[in-house]
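Participant: Let me see the structure of the following:
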Amino acid sequence: MAGEDFSFFSQQVSSAFVFLGGRNESAGTGASLHNPGFTLDESILPLGAAYHVELAKGYFRLAQSVKYAEQLREARTEEL
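Facilitator: Okay, the predicted model is just below:
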């Protein structure tokens, strides 16, 4: 269950819970997360890191475009 404390955080700020698949039966990483036999296929880590980088870049692009739109709106208001 994807809950933990995340549900409380997401009540305060916009949030998304993401699962990054790391099961690789051929590498012997098929055990579930809270299982003593769990091992992580570390080859998935670069993909996970790249995913988070793209999320951050997208956030900053959006924030920049929102700021630009606000500046345009203010400039048009001043012209009137």
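Participant: what's the longest helix in this protein?
Facilitator: Counting residues, the longest helix found in the chain (DSSP state H) is helix 45-79.
Participant: for this protein, which spans come out with low pLDDT?
Facilitator: For the chain, the stretches with pLDDT under 70 are 1-4, 80.
Participant: So which elements touch the longest helix of the chain?
Facilitator: Contacting helix 45-79 under the criterion 3 or more C-beta pairs under 8 Å, 6 or more residues apart in numbering; DSSP states H and E is no other helix or strand. The C-beta positions use only the backbone N, C-alpha and C, and glycine is treated the same way.
Participant: Distance from the chain centre to the strand or helix carrying F8, please.
Facilitator: According to DSSP states H and E, F8 maps onto helix 6-10. Distance of helix 6-10 from the chain centroid (C-alpha atoms, centre = their mean, to the nearest Å) equals 14 Å.
Participant: Identify the residues contacting stretch 34-45?
Facilitator: Applying C-beta atoms under 8 Å, 6 or more residues apart in numbering, the contact partners of stretch 34-45 are L20, G21, G22, R23, N24, A27, G28, T29, A31, S32.
Participant: How about the contacts made by F60?
Facilitator: F60 neighbours (C-beta under 8 Å, 6+ apart): none.
Participant: begin at 58 from here
Facilitator: Sure thing, new numbering starts at 58, so read that last one as F117.
Participant: Return the distance of it relative to F65.
Facilitator: F117 sits at a distance of 26 Å from F65 (criterion: C-beta to C-beta, to the nearest Å).
Participant: try A84
Facilitator: Using C-beta to C-beta, A84 is found at 35 Å from F65.
Participant: And these two? Which one has more around it.
Facilitator: More crowded of A84 and F65, by other C-beta atoms under 10 Å: A84, with 14 against 9.
Participant: Can you name the residues that contact the more buried one?
Facilitator: Residues counted as contacts of A84 (C-beta under 8 Å, 6+ apart) are D98, S100.
Participant: What of V75?
Facilitator: With C-beta under 8 Å, 6+ apart as the criterion, the residues that contact V75 are Y108.
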